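Enquirer: mind folding the following:
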Amino acid sequence: MDTRTSMLPDVAADAAPIVQGKLNRVGMSGIEVAIRLRDANGDVIRTPARVDAYVSLDDPEVKGIHMSRLYLCLQDSLDDEFGRAQIETILQRFLETHSDISATSYLRFSYELMVRRESLLSDHSAWRSYPVKIEAWSSGGKVTYRVHVRLTYSSACPCSAALARQLLQQQFEEQFFGHHWLSTASVLNWLGSNETLMAVPHSQRSHADITIELDGQRDDLPIDELITCTEGALNTAVQAAVKRTDEQEFARLNGENLMFCEDAARRLKNAVDSLEGIHDYRIQASHFESLHPHDAVAIVTKGVPGGLTA
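Expert: Residues are numbered from 1 along each chain as shown. Purely as a prediction, here's the structure:
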């Protein structure tokens, strides 16, 4: 053994804190790692991620934790496929390396889930990226999980659509006032002219931030299921590869799914309520207004006592 190494001081272990007290979480945030995810074809691929890693400091007389132990434990435990088994192994190892001072451990993985999406009508496909966060903490022998995903979708304003329709009605009345009868051809020609573009309803890119806390019935991380059911409830997810026929179909879907942020939040709530094994949830629909310089936001939670809050 190198005598110089054996003589290095360990302030965290040898010194006492000037001000004593317990701490809920101590550790590191934003650790760069690579996790192994299984793609749609069944292949396991490396994906960059960032991790927050913590343990509690329950001994008020101990100055600090061993952060290098958390870091090395994390880096040494990521060769297996990412999932609950891997997460629980890391949480347990965090506690084992701090058994004399810590009773709880915590992890949060943040990464981008790449999903190949088909075009609405044309024969094309391309990649979409979904921000995902997985939180897990171990306390008293129980591990709790929260899954967070962000959806990006389009929201066309119902009020704007109604006002645009009224202007179209007024223009039609002015154009054909006094006509006792109208041919189909004349109406079609008018509808196809620039005169009908008196007003265009506004829509905006929007985000849905959905966090679910799993109960003891599930043994998976239902990321794909959560994305599929909530995007299906909105019907206006942003697109990847788009030709004109896809853009027209997207416009049609926006017209069929006019949404205030309140409408979007209620649709998402109903979708999440249909999932099994969900103990709690928090849903935030944020519409980045094109009419205003501020955002329109609606938030809904399941309402579990002591659970996720608005």
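
Enquirer: how about the residue lying farthest from the centre of the chain, secondary structure?
Expert: Distance from the C-alpha centroid of the chain peaks at residue 180, with 56.1 Å (CA atoms, centre = their mean). Following DSSP: H, G, I helix; E, B strand; the rest coil, the label given to residue 180 is coil.

Enquirer: what does the longest helix belonging to the chain rub up against?
Expert: Counting by DSSP state H, the longest helix found in the chain is helix 158-176. Identification of contacts with helix 158-176 by CB atoms under 8 Å, 6 or more residues apart in numbering yields 182, 190, 195-196, 198-202, 255, 258-260, 263, 291. C-betas here are computed from N, CA, C, even on glycine.

Enquirer: rerun that using 10 Å as the cut-off
Expert: Residues external to helix 158-176 that are found in contact with it (CB atoms under 10 Å, 6 or more residues apart in numbering): 157, 182, 186-187, 190-191, 193, 195-203, 254-255, 257-260, 263, 290-291.

Enquirer: same thing with stretch 88-95?
Expert: By CB under 10 Å, 6+ apart, the residues outside stretch 88-95 that reach it are 27, 51, 53-56, 65, 69-70, 72-74, 76-78, 80, 102-107, 109, 136-139, 141, 143, 145.

Enquirer: hmm, which of the residues you listed are the buried ones?
Expert: 27, 51, 53-56, 65, 70, 73-74, 78, 102-107, 109, 136-138, 143, 145 (16 or more other CB atoms under 10 Å).

Enquirer: which ones among those are found in helices?
Expert: Those of the buried ones among the contacts of stretch 88-95 lying in helices (DSSP H): 70, 73, 74.

Enquirer: mind checking pLDDT for the first one?
Expert: Among the per-residue scores, residue 70 shows a pLDDT of 97.

Enquirer: nearest residue to it other than its sequence neighbours?
Expert: Spatial nearest neighbour of residue 70, excluding adjacent residues (CB to CB, 6 or more residues apart in numbering): residue 53 at 4.8 Å.

Enquirer: residue 199 belongs to a strand?
Expert: No. Counting by three-state DSSP, one finds residue 199 to be coil, located in no strand.

Enquirer: still on that earlier bit, tell me the mean pLDDT for the longest helix of the chain?
Expert: Averaged across helix 158-176, the pLDDT comes to 90.

Enquirer: ok and the helix or strand following that helix relative to helix 158-176, angle-wise?
Expert: Per DSSP states H and E, helix 158-176 leads on to helix 184-191 as the next helix or strand towards the C-terminus. Counting by axes from the mean of the first three to the mean of the last three CA atoms, to 10 degrees, helix 184-191 lies at 130 degrees to helix 158-176.

Enquirer: beyond helix 184-191, next helix or strand please.
Expert: Following helix 184-191 in sequence order, the next helix or strand is strand 203-214 (DSSP H and E).

Enquirer: buried stuff in the helix or strand following that next one?
Expert: Once the chain leaves strand 203-214, the next helix or strand it forms, by DSSP H and E, is helix 223-234. For helix 223-234, the neighbour count (16+ other CB under 10 Å) marks 223, 226, 227, 229, 230, 231, 233, 234 as buried.

Enquirer: helices and strands around helix 223-234, which ones?
Expert: Judged by 3 or more CB pairs under 10 Å, 6 or more residues apart in numbering; DSSP states H and E, helix 223-234 is in contact with strand 104-118, strand 125-139, strand 142-156, strand 203-214, helix 261-273, strand 278-287.

Enquirer: just the buried members of the contacts of helix 158-176?
Expert: So, by 16+ other CB under 10 Å, the buried ones in the contacts of helix 158-176 are 157, 201, 202, 203, 254, 257, 258, 259, 260, 263.

Enquirer: can you add distance to residue 8 and give the residues you listed back as CSV?
Expert: Formatted as CSV, the buried ones among the contacts of helix 158-176 follow (distance: CB to CB, whole Å):
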residue, distance to residue 8
157, 64
201, 68
202, 64
203, 61
254, 64
257, 63
258, 66
259, 61
260, 62
263, 61
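
Enquirer: ok, residue 137 touching residue 107?
Expert: Yes. The pair formed by residue 137 and residue 107 meets the contact definition of CB atoms under 10 Å, at 7.3 Å.

Enquirer: endpoint to endpoint, stretch 172-191 covers what distance?
Expert: 9 Å (CA to CA, to the nearest Å).

Enquirer: typo on my end, it should be stretch 266-281
Expert: So stretch 266-281: terminal residues 13 Å apart, CA to CA.

Enquirer: so for it, mean pLDDT?
Expert: For stretch 266-281, the per-residue pLDDT averages 97.

Enquirer: repeat for stretch 43-51
Expert: Here stretch 43-51 scores 94 as its mean pLDDT.

Enquirer: so what's residue 203 closest to, chain neighbours aside?
Expert: Leaving aside its sequence neighbours, residue 203 sits nearest to residue 156 (CB to CB, 6+ apart; 3.8 Å).
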